[in-house]
Structure formats: C-alpha cells, structure tokens
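K.L.:
Only the shape, not the letters, is given here:
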C-alpha cells in the first residue's frame, strides 16, 4: 500500500514538473512573439523605442531567451539608426552635406521607416558632389575638383564612382603639358547690336565699319575659336611679380595647358558706352540682372527696353563659358580697359554733382565686383582716351591722376594699362615712368597678329590683334588660324572703303 502511494506521488510530481516546464516554455514563446512584433513595429515607425524597451525590461531575467537577446540587440541597432537619420536630416536641411551624408550612411536596412529616404538623400548628396566636381574639372579646376570629392570620400566607401572620378581628375591634372608656342592677344570694342542703326549711312558708319564688331560676328568667332582648340587664359598665367628691396621684378611663368590647346588673352576697350553711341545700334549700359549676372540694358528701336545677356562681349562670353567651361582655363575671361571722361559702364560717374552720382557709384562698384568675381580683370585705358605719343608729360600726369582718383575707387587697384590707339611710348620716356608710378606693370599696344610678348625687369609688353571690320578686310591672313572670315563676316555690313 505504501509502495503504491509512493508511485502515485512520484507520477503526480513528474506530471507537475512537466506541466510547469511546458507553461514556462509557452510563456517564453509568448514573450518572443510579442517582443518581435514590437521591434518590427518600431522598425516601421509604428511603435516607440520606449515601448520596446519597457517590454524588454519587464521580462524576468530567467525568461530571457537567446532569441529575445538578439531582438534586444536589433532594437538598439534600429534605435541608433533612427537617431542617425534624424541627425542626417537635420544636417541636410542645414545644407551641411558631408555631415548629413556621414550620419545617413549609418542608417541600416532594418530601419524600414527611414532607410529608403536615407538612401535617396545620400544619392542626391553624392550626385551633387560629383556634378559640382565635374563642372570644376571641365574648367580645369582639377585641384578644387579633387578637394571637393575628398570631402565626402571617407564616408562613401560603398560608392565606387567617387574613387573613379578622383583617379580621373588626378590623371588629367598630370597630363597638363608645358606650352611653348605663341600667346595670341585679341581685342574688341562694344558690339553692334542693331546693324541697321549703326550702318545707316550717316557720318559714323565708316568708323563703325572699321573698328567695331557685330553681335553675330562675335558669337561666331567664339564658336570657331572654341572648335579650333583655342582657350582663354588669364594674364596672370604668363608672369608673376616678385619684390626685391621693395621693387617689383617681373618673372616669366611656365604655362601648363591641356595638350593641344592654344592660349588666347581677350581684352575689351572702352566699355564705357559713350554718348555718341546712344540710339546708334549699341547697348546702353551694363547692369546686374535679376539673377545677379552681368547683363546689358538696351533701349530698343521700338521704344521698349531689354535686359539681356547676349548684347555685348561680357555677357556673351560669360554665357559661352557657362555652356563650354573647357573654353576657359580656370575661369579666365579677359581684361576690360576703362576710360573715365564720360563715366564707366554707361553711368556718368564723372559728374560728381549729378543727382544720381551716389547711386551710380554704388551700381558700378557692384558690377565691377561681379566682373572680378567671374573671371574678368579690370584695367586702365587712360582717363581721356589720350594719344600718349602726342601728349606731353603735363597732360599725362593730369590724365593719370584723374583716372586714379575717379575710376580706381570703383574698380579697385590694377596694374593693367591699355594704350589708347595702341600709341605706346618707350620705356625710358618720362610719360612711361609716370604710368609706372601708379603701379602699372602690364602694357598693351596694337599690332599684327597680337602675338608679341616681351618681358622686362619691371614690366611686360604685349601687342594685340583687333578682331573687327578693318582687320577682317585689310589683314585676313592674320586671322585665318582663328576663324573662317567668310563664315563670320556679317553680311549687313556696308561696302568696306
């Protein structure tokens, strides 16, 4: 009897233990299922980290299975991902692109709520960097393009395009070659916008036909020079100034260009929009358009007004380089020579008692700043457009001082001087010494193909070639390497006499 009682008790105990174990297992499974459901909802943004963590903290230690521990680790990884996404989005809105990319790179696929958006923003940032670097490289800003990509390269190891571009730009930088040929200097005056007004048979027609170029001709010249592998360079690429005992010493610089490219230095004379040009087929003045770009303001023949970027050399060149960045080496545009006797840029900054003087001064200074910012160099063409060979030292002193007093406050200090009429004086002439007193070191004349470049101890001298009606008719051989005159020549020009 006792033996039977013992056996029954043992069976009851075993069954009880079995039931208890089964209940514990069911309880653990329920914890697994509920916790997994919460973590998945958290991944999708349908529950909070607090909900998940509170649930986990309420599980008794002896009830935490390996699966629950793994879910806890997953929960924390997703939470870290969400925090990184929030920081990445904040930096994105602040346009701190590298910081944004760095945080967004830590967003994981299990963070279903944010992963796709993080990838989209990363791709957008990467595309922006690659596109900006490409624009820089097209203009031969290789160091800047490389630096741009190196900002983001440490955080984009999963994107091979960055390293591919870095290798490409480093290779192209190494392929620049020493250029040892001639450097062409070409120049223009203000362009004729309306040939029918400039070539209307009056007494001004002959001068315009000789010394001016039409908008159509200028655009075609740029097009053909580009096709023939010419490239705009900055004057500072051919020389540098060192100071020995506080005196300037001019040194020739080695010129490195892409293989096959031929350098051109562009200059523009008399960008003043003189009174004689009013209502005679030219633009009226320079302005900044609504986008902040240099443009021209033109009174149209029908009485209307037009602000445009295709009516004179500066804006046309700017637009052409925007569309063909490889036509300009590192953003070079050209040199603009201003007189001052009727103001500059179409504003009468010479009239101090004018009711609009203050406004005109601010306007021209803003335009000058924009010109310099966008690759243009500003220089002197004398104050009164005087012939230096025919004027004495007294007149030269007065003229140079007046230009310095009235124009320098607008355009800033410059060492560039373009002789009016191409009428230069010798280096030991007192009139030349007077110009040097004002800091002029680079002097331009007019002559031949515009390929003369001479270096002296404290200055350099260049000839320039005028691309106008006179040269196209009287010196076509000097232009045939630049463009096809038959293609360029404006058929609206009158007979050349």
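P.N.:
Here it is on my side, so go on. Given the structure is predicted, the values throughout are model-derived calculations rather than measurements. Residues are numbered from 1 along each chain as shown.

K.L.:
I'd like to know how many residues surround the nearest residue to residue 415 once chain neighbours are set aside.
P.N.:
Leaving out its chain neighbours, the residue that sits closest to residue 415 by CB to CB, 6 or more residues apart in numbering is residue 441, at 4.2 Å. Placement of C-beta: from N, CA and C, glycine included. Counted by other CB atoms under 10 Å, the residues lying close to residue 441 total 18.

K.L.:
Which pLDDT value goes with residue 441?
P.N.:
According to the prediction, residue 441 has pLDDT 97.

K.L.:
next one: phi and psi at it?
P.N.:
Dihedral angles phi and psi of residue 441 (degrees, to the nearest 10) take the values phi -130, psi -20.

K.L.:
same check, this time on the one 3 residues further on
P.N.:
Residue 444 adopts backbone torsions of phi -110, psi 140, taken as degrees, to the nearest 10.

K.L.:
what's near enough to touch the residue nearest to it when sequence neighbours are not counted?
P.N.:
Closest residue in space to residue 444, ignoring its immediate chain neighbours: residue 418 at 4.6 Å, by CB to CB, 6+ apart. For residue 418, the residues meeting the contact criterion (CB atoms under 8 Å, 6 or more residues apart in numbering) are 187, 267, 269, 335, 337, 379-381, 443-444.

K.L.:
TSV for those, including secondary structure and neighbour count?
P.N.:
Listed next are these as TSV, based on DSSP: H, G, I helix; E, B strand; the rest coil; neighbours: other CB atoms under 10 Å:
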residue	secondary structure	neighbour count
187	strand	23
267	strand	23
269	strand	27
335	strand	24
337	strand	25
379	strand	23
380	strand	26
381	coil	27
443	strand	23
444	strand	27
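
K.L.:
Just the closest of those residues to residue 289, please.
P.N.:
Within the contacts of residue 418, distances to residue 289 taken as CB to CB reach their minimum at residue 335, with 22.9 Å.

K.L.:
The closest one: what's it in contact with?
P.N.:
With contact taken as CB under 8 Å, 6+ apart, residue 335 is in contact with 235, 265-268, 376-379, 416, 418, 444.

K.L.:
one more time with 7 Å
P.N.:
Residues in contact with residue 335 (CB atoms under 7 Å, 6 or more residues apart in numbering) are 235, 267, 377, 379, 416.

K.L.:
ok, so of the residues you listed, who is nearest residue 347?
P.N.:
Minimum separation from residue 347 among the contacts of residue 335 (CB to CB) is found for residue 379, which lies at 18.2 Å.

K.L.:
For stretch 278-285, give the mean pLDDT please.
P.N.:
Computed over stretch 278-285, the average pLDDT equals 97.

K.L.:
Could you do stretch 297-315 as well?
P.N.:
Computed over stretch 297-315, the average pLDDT equals 95.

K.L.:
Likewise for stretch 46-57?
P.N.:
90.

K.L.:
Pull the distance from it to the chain's centre.
P.N.:
51 Å (CA atoms, centre = their mean, to the nearest Å).

K.L.:
Tell me which residues of it come out buried.
P.N.:
Buried positions in stretch 46-57, judged by neighbour count with 16 or more other CB atoms under 10 Å: 47, 52-53, 55-56.

K.L.:
Ok, stretch 347-358 next?
P.N.:
Applying a neighbour-count criterion of 16+ other CB under 10 Å, one finds 347, 349-350, 357 buried in stretch 347-358.

K.L.:
With stretch 237-255 instead?
P.N.:
Neighbour counts over stretch 237-255 (16+ other CB under 10 Å) mark 237-239, 250, 255 as buried.

K.L.:
end-to-end on it?
P.N.:
Using CA to CA, to the nearest Å, the end-to-end distance of stretch 237-255 comes to 6 Å.

K.L.:
Point out where the stretch 1-150 of the chain drops to low pLDDT.
P.N.:
Low-confidence regions of the stretch 1-150 of the chain, defined here as pLDDT under 70, cover residues 1-29.

K.L.:
where does residue 239 fall, phi/psi-wise?
P.N.:
Its backbone dihedrals place residue 239 at phi -160, psi 170, with angles given as degrees, to the nearest 10.

K.L.:
And for the one 10 residues further on?
P.N.:
Summarising the backbone geometry of residue 249 under the convention degrees, to the nearest 10, its torsions are phi -130, psi 120.

K.L.:
Does it touch residue 457 like I think?
P.N.:
Yes: A contact is recorded between residue 249 and residue 457 when judged using CB atoms under 7 Å, the distance being 6.4 Å.
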